[in-house]
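**Q** sequence first, predicted model second:
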Amino acid sequence: MKQRMTRYAVTGAMLATALAFSVSAIAEPAAPNYPKTIGEGEGALNIVAWEGYAEDSWIKPFEKETGCIVNRKYAGSSDEMVALMRQGGGGEYDLVSASGDASLRLILGGNVQPIDVKLIPDFDNFVPELKAPPHNTLNGLHYGLSYEWGPNVLMYNTDKIKEAPKSWAALYDPQYKGKITVPDNPIQIADAALYLSKTDPSLGITDPYELTEAQLDAAVALLKKQAPLVKKYWALASDEIELFKNGDAIIGASWPYQTNTLKADGAHVADTIPAEGATGWADSWMLSAKSKHVNCAYKFMAYVSTPEVQAEQAIYFGETPANLKACAAMDKADPGSCAKYHLDDAATYIKQIHFWKTPQQTCANGKAECTSYTTWQQKWQEIKG
C-alpha cells in the first residue's frame, strides 16, 4: 500500500482558495438528467480520488472490459477535491470520491448531478443506512453513490497504556503532554463537539456538525486547551504511523488503517471507539454536472460497486465496503477481514459513527443559527496558532 495516504493535507494557498469557494460557490443543486440506459463508453473517464481508490489492480481490468481509459487525479484533502471539481467551469473531471465534508458543498454548489441508482445493479445490496444518507442524498435525489466507510478511532500504544481508554478525554489529558497526535483538519472540531455533547449536556449539542456560535466556541476552547499537549497535527497517515513507530506519540485520533499497518509491522498498538462514539467518513462517488463521459462514469460506478472490487478496495485501504455481499470476497482474499472491518455487523457498527458532513449556517431545523464550514476553517487556524 502506498504510504502517502491523506484526507487532510492542505496548503495555505489551497486553504485560501477553498475559503473563497466555500463562500461564493453556492448555486442551485443540479436537476436530474438521467440516461435511459448505459450506452457505449466514450473511451475516457477523468476522476478525482483519494490515493488508494483507483489502483491498477482493479482499474486496468475495468479499462480492458469497457474501453474507458481512466485518467486519475489524486487529491490530498476534501477542500482540494471541491476546488478541482469546480475549476475550469466544472467540466474537467467526471467523477470524484468525495467524503461527507465535501459532498454537500458539491451538491449545493450545483457541481454534481443526481445519479440513477437503478442503473447500478449492486445498489440493492448496499448497507441500508448508506443507500440514501444525508451526506449524499437531498430531497430524495441520490447525488452520490456510497462507496467505502470507516470510523475515526482512538489508537494507543499498549505498552504505555495498558487498558483501552474508555473516553475521548484521554486526548485532553495533561499526563500525555507531548505524546498526543490528532488530524490536521477543520472537521476535527466535530470530534471535540461530540465529546462535549456527552460530557457537558448543558451546551445542548445534538449534532456535532450543527453548532451554534456558543457551541462552536466551547469546542474551540477545548481544542485550544489541547493544543499545547499535541506533539503533531498529522496530515498524512504515514506521519502518524512514524510518530507511533518512533515513540513520539503514544495516543492519538486515527483510522483503522494506521492501526492495522502498525500491527503488521509488529508495533504494540490497538484502537477503540470510546463511550462517546466516533466521527467517521463515508465516501461517495459523485458525477459532475458537466461530465463529458457519462456512460463511462456509470460503467465505472457499477463496476466499483461489485462485491469483488469493493472487497479489494477495502482490504487495500483499510475500511468497510458499502456492499454487504463483499464479505465473502474479503474473507477469500484475506481471511477474517470481513469481521476486522465490521462488515459482518455493519448495522450495529454504523450506529456508533457520526459521519462527516459539511457544516452549514442553516441548521436542519431551517433556522440560520449554526456555523458554516468557512467559520470552522478560520477557527481551526486559530486553534493551531
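**A** Noted; the coordinates are in hand.

**Q** flag the shaky bits of the chain, pLDDT-wise.
**A** 1-26 (pLDDT under 70).

**Q** what's the domain layout of it?
**A** As given by automatic domain parsing, the domain ranges for the chain are 12-149+281-353, 151-279+363-384.

**Q** quick one: the shortest one to chain centroid distance?
**A** A distance of 15 Å separates the C-alpha centroid of domain 151-279+363-384 from that of its chain, computed with C-alpha atoms, centre = their mean, to the nearest Å.

**Q** check the chain for its longest strand and report it.
**A** strand 278-288 (DSSP state E).

**Q** Asn33 should be in a helix, yeah?
**A** No - Asn33: not assigned to a helix; according to DSSP: H, G, I helix; E, B strand; the rest coil it is coil.

**Q** which residues touch it?
**A** Gln113, Pro114 (C-beta atoms under 8 Å, 6 or more residues apart in numbering). In short, each C-beta sits where N, CA and C put it, glycine included.

**Q** try Lys224
**A** Glu382, Ile383.

**Q** same question, Thr259
**A** Val153, Met155, Val269, Ala270, Asp271.

**Q** ok, the longest strand of the chain: who's next to it in the sheet?
**A** Using DSSP bridges, the strands paired with strand 278-288 are strand 95-98 (antiparallel), strand 112-113 (antiparallel), strand 145-151 (antiparallel), strand 353-355 (parallel).

**Q** re earlier: now for the contacts of Thr259, which pair is the farthest apart?
**A** Val153 and Val269 (10.7 Å; C-beta to C-beta).

**Q** ok, these two, which is more surrounded?
**A** Val269 (25 against 21; other C-beta atoms under 10 Å).

**Q** could you find the closest non-adjacent residue to Lys332?
**A** In this structure, Lys332 finds its nearest non-sequential neighbour in Ala311, 7.9 Å apart by C-beta to C-beta, 6 or more residues apart in numbering.

**Q** for that neighbour, which residues are in contact?
**A** Pro321, Ala326, Cys327, Ala329, Met330, Lys332, Ala333, Ser337.

**Q** just send those residues back as CSV, with secondary structure, distance to Ala102 and neighbour count too.
**A** Listed next are the contacts of Ala311 as CSV, based on DSSP: H, G, I helix; E, B strand; the rest coil; distance: C-beta to C-beta, whole Å; neighbours: other C-beta atoms under 10 Å:
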residue, secondary structure, distance to Ala102, neighbour count
Pro321, strand, 20, 32
Ala326, helix, 24, 30
Cys327, helix, 28, 21
Ala329, helix, 28, 22
Met330, helix, 27, 26
Lys332, helix, 33, 12
Ala333, helix, 29, 15
Ser337, helix, 27, 21
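
**Q** ok, back up a step: adding secondary structure and distance to Val112, write the contacts of Thr259 out as a markdown table.
**A** Converted to a markdown table, the contacts of Thr259 look like this (DSSP: H, G, I helix; E, B strand; the rest coil; distance: C-beta to C-beta, whole Å):
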| residue | secondary structure | distance to Val112 |
| --- | --- | --- |
| Val153 | strand | 29 |
| Met155 | strand | 33 |
| Val269 | strand | 38 |
| Ala270 | strand | 38 |
| Asp271 | strand | 33 |
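
**Q** from these, pick the one nearest Ser305.
**A** Val153 (25.8 Å).

**Q** list the beta-bridge partners for the closest one.
**A** Ser254.

**Q** and it, how far from Pro274?
**A** Distance from Val153 to Pro274, counting by C-beta to C-beta, to the nearest Å: 9 Å.

**Q** same question, Trp281
**A** Per C-beta to C-beta, Trp281 is found 18 Å from Pro274.

**Q** the two: which has the busier surroundings?
**A** Trp281 (23 against 20).

**Q** mind listing the helices in the stretch 151-300 of the chain by residue range?
**A** For the stretch 151-300 of the chain, the helices defined by DSSP state H, counting those that start in this stretch occupy 189-199, 213-226, 237-245, 256-264, 294-304.
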